[in-house]
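Engineer: starting from these lines, generate the structure:
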Amino acid sequence: MSDVMSELVLQLGIILFAVRLGGALVKRVGISPVLGELLSGVALGPYALGGIALPGFPHGIFPLGEGLAVSPELYSFAMVASIILLFSSGLETDLGLFLRYSVAGGVIGLGGVVFSFALGALAGALLLDIPLIDPRCLFLGILSTATSVGITARILSDQKKMDSPEGVTILAAAVFDDVLGIIALAVVLGIIALLSGNPGGALPVSAVLGIAGRAFGIWLGFTALGLVFSKQLARFLKLFRHSFDFSVLALGTALILAGFFEKQGLAMIIGAYIAGLSLSKTDIAAVIQERIHGLYVFFVPVFFAVMGMMVNVREFFVPGVLVFGAVYTAAAVFAKIAGCGGPALLLGFNRRGAFRIGAGMVPRGEVALIIAGIGLSSGILDARLFAVVIFMTLVTTLAAPPLLNSALRIKGNGTRKPVKGENTATARWEFPSDEVADLVMNLLLRDLRAEGFYVQMMDVNKGISHARKDDIVLSISETENVLSIDTAGEDLPFVKTAVYEVILSLNESLTKLGESSDPQRLKRELAGMEGHARDGALSLINEDAIITNLAGSTKEEIIAELVNLLDRNGKLDDRNAVFEDVLRREKTMSTGMEHGIALPHAKTGGVSDIAVAVGIKKTGVDFDALDGEKSRLFVLTVSPKKTSGPHVQFLSAIAALLQDEETREDMMNAASRDEVMFLLRKKK
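Structural biologist: A predicted model of the protein is given here:
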């Protein structure tokens, strides 16, 4: 057991570095990080670098496993990751959008799923010379249905086409695509279970329909129960009070449902998706997404790497596999273009618009890889068919951006009749800081939801959201301190009014806050905080970032010295940005406290992680302190703008620590860094 566990943790550590590097490299050339993570796994796998013998590893660091290419322990990690991935997908599903735009989105999504399944299964039957009802054909059909709309959303946003008729239709159809794909998987797994119980025998149609109905019934029953009792489930989870607790237990619910569905002969990911879908419209959905994000970032790239490891790269050089892969991929691309584009022609789009919609539904991704892993582990797919699926996923994901970009560059409207959204207008607002832009965007999205808009977060990292109500469509993005909204020209007055109302409301609130708040009282409250010192927060202070003989004689010079100290220690990405942000924060309200303490701080884009510097000026400097005395002990804290971290926790911890008069005086009189560190450790 010790050998197994040591091998597992070593493998996980190597995988984490590899997927980060692979994802970052492909992201630089505009390709989805998923492909980088997948290719990292291919390179690390037992069929490539992982199988090379090394000292202490006679069969390689990633030896070829029995049955599967990887060890059962590593594969188990990948399965947990797939549950987290589908649970998150369920949480992100906009059920309101699904129901509201069920006609156009449903018809196009259904067309794409039906065509993709039929052509995928048919390609398998023809190339393998087996019946269509064979489990391999059924799985190849299912694998062809999944769409990865994240790639499409980025392209539409970059081309300012998110709010176009084609963009809106793609996003609505993608929601249906996910739901219909999960239903189809449940039905196919039920049929395969029946086939496995009757090998070689003819199956009556009634038996096939019966088992398909049972699988569909289980999915529908649990989905209905989850949606009906979603508020009760959320209320139960909130009994555990802390958001971290109920978020972890929400994931626990997904794990339980995943295990139950697996026991029923269905896939674990179906149960996980239902758990997420059930909670998607509750008031804790966004909190859960935020709280499990760390788990997502850790586990999901490991999943893609493990899927890559199970690819036998030698199979790609077998002529039959390449031919099969090319035919299957061509069928998968054509199925989406024809299956989604065909119905679009019946819904008011012309050939240009239909082609754009079909091209937007082409990329496959996460779900296809999960289903492929299920097929390989259950023995339905062999190494060659798995390589074919990976080939299809890679090609469709790589081909989608240039294909969709080319479709969008074709001149002319995409609809038969002129409609709103063909002529896009953009409104931009530049705010004093990122924080203000964040606040305005969050308040705007809140107000839009209150007005009955369906708001969908398309890309958290890029700050892209999509909002729709009736024929009003908004594509909202935030970059640094700039808020941009793309919409039809006719709706621009509405957009400007909505943002103006948000700014006016925010200004009134801040005015009232200023009138009712006493800055001196606020500083006294901060200075008087006790009992909040935490070991984790104080451990952020590093000996190399302490200086006991500051030379500066003004506030600006003291801050500059501390910033330079952090810069010399490699803690800053942009020294000038950090310095300017700290000074800007000081102009808002001085951080000079009582008893000779000053806590200059700021959130800034000039750092990637929280950084702390401590400085002592024994003669003191005028820092506009609360009590009017000179400040002698300075603790500078800077942290990133866009990521959560212990910024406030650290400030409260250091303020509480320095309330002790003896500690405070000892630190101000300390002659060396070692003495300061000793005092901090003594009080932690």
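Engineer: for the helix or strand hosting residue 499, give me every contacting residue.
Structural biologist: Secondary structure from DSSP states H and E places residue 499 in helix 492-516. Residues outside helix 492-516 that contact it (C-beta atoms under 8 Å, 6 or more residues apart in numbering): 425, 427, 429, 439-440, 443-444, 447-448, 472, 474, 483, 485, 487. Heads up, the C-betas are built off the backbone N, CA and C, glycines and all.
Engineer: for it, list every residue counted as buried.
Structural biologist: Going by neighbour count (16 or more other C-beta atoms under 10 Å), the buried part of helix 492-516 is 492, 495, 498, 499, 502, 503.
Engineer: lowest pLDDT pick from these?
Structural biologist: The member of the buried residues of helix 492-516 with the lowest pLDDT is residue 492, at 79.
Engineer: pull out the buried residues from the lengthiest helix in the chain.
Structural biologist: Assignment by DSSP state H gives helix 165-196 as the longest helix of the chain. The neighbour-count check on helix 165-196 (16+ other C-beta under 10 Å) flags 165-195 as buried.
Engineer: repeat that for stretch 130-141.
Structural biologist: Residues of stretch 130-141 classed as buried by neighbour count (16+ other C-beta under 10 Å): 134, 135, 136, 137, 138, 139, 140, 141.
Engineer: does the second one really touch residue 194, like I thought?
Structural biologist: It stands for residue 135. No - the criterion here is C-beta atoms under 8 Å, and residue 135 misses it with residue 194 at 10.3 Å.
Engineer: strands of the protein, residue ranges please.
Structural biologist: Assigned by DSSP state E, the chain shows strands spanning 424-430, 454-459, 464-469, 472-479, 482-488, 546-547, 597-598, 601-604, 611-621, 631-640.
Engineer: who's in contact with the closest residue to residue 50 other than its chain neighbours?
Structural biologist: Computed as C-beta to C-beta, 6 or more residues apart in numbering, the closest residue to residue 50 that is not its neighbour in sequence is residue 62, at 2.8 Å. Counting by C-beta under 8 Å, 6+ apart, residue 62 makes contact with 11, 44, 45, 46, 50, 51, 70, 309.
Engineer: how close does the second one sit to residue 289?
Structural biologist: Right, the one you point to is residue 44. Distance check for residue 44 against residue 289: by C-beta to C-beta, to the nearest Å, it reads 29 Å.
Engineer: count of neighbours near residue 217?
Structural biologist: Residue 217: 12 surrounding residues under other C-beta atoms under 10 Å.
Engineer: lowest-pLDDT helix or strand in this structure?
Structural biologist: helix 519-527 (a mean of 51; mean pLDDT, DSSP states H and E).
Engineer: returning to that earlier point: quick one, which of residue 44 and residue 289 is more surrounded?
Structural biologist: residue 44 (25 against 21).
Engineer: pretty sure that one contacts residue 16?
Structural biologist: No - contact criterion C-beta under 8 Å: residue 44 and residue 16 do not qualify, at 11.2 Å.
Engineer: quick one: the helices in the stretch 201-350 of the chain?
Structural biologist: Assigned by DSSP state H, counting those that start in this stretch, the helices in the stretch 201-350 of the chain fall at 205-228, 230-237, 243-263, 268-279, 285-291, 293-309, 319-345.
Engineer: now, of those helices, which is deepest in the fold?
Structural biologist: The highest mean neighbour count among the helices of the stretch 201-350 of the chain, using mean count of other C-beta atoms under 10 Å, belongs to helix 268-279: a mean of 28.
Engineer: packing partners of that helix?
Structural biologist: helix 72-92, helix 165-196, helix 205-228, helix 230-237, helix 243-263, helix 366-377 (3 or more C-beta pairs under 8 Å, 6 or more residues apart in numbering; DSSP states H and E).
Engineer: can I get these in JSON lines including mean pLDDT?
Structural biologist: JSON lines is the format used below for these (pLDDT from 0 to 100):
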{"stretch": "helix 72-92", "mean pLDDT": "86"}
{"stretch": "helix 165-196", "mean pLDDT": "75"}
{"stretch": "helix 205-228", "mean pLDDT": "76"}
{"stretch": "helix 230-237", "mean pLDDT": "89"}
{"stretch": "helix 243-263", "mean pLDDT": "90"}
{"stretch": "helix 366-377", "mean pLDDT": "80"}
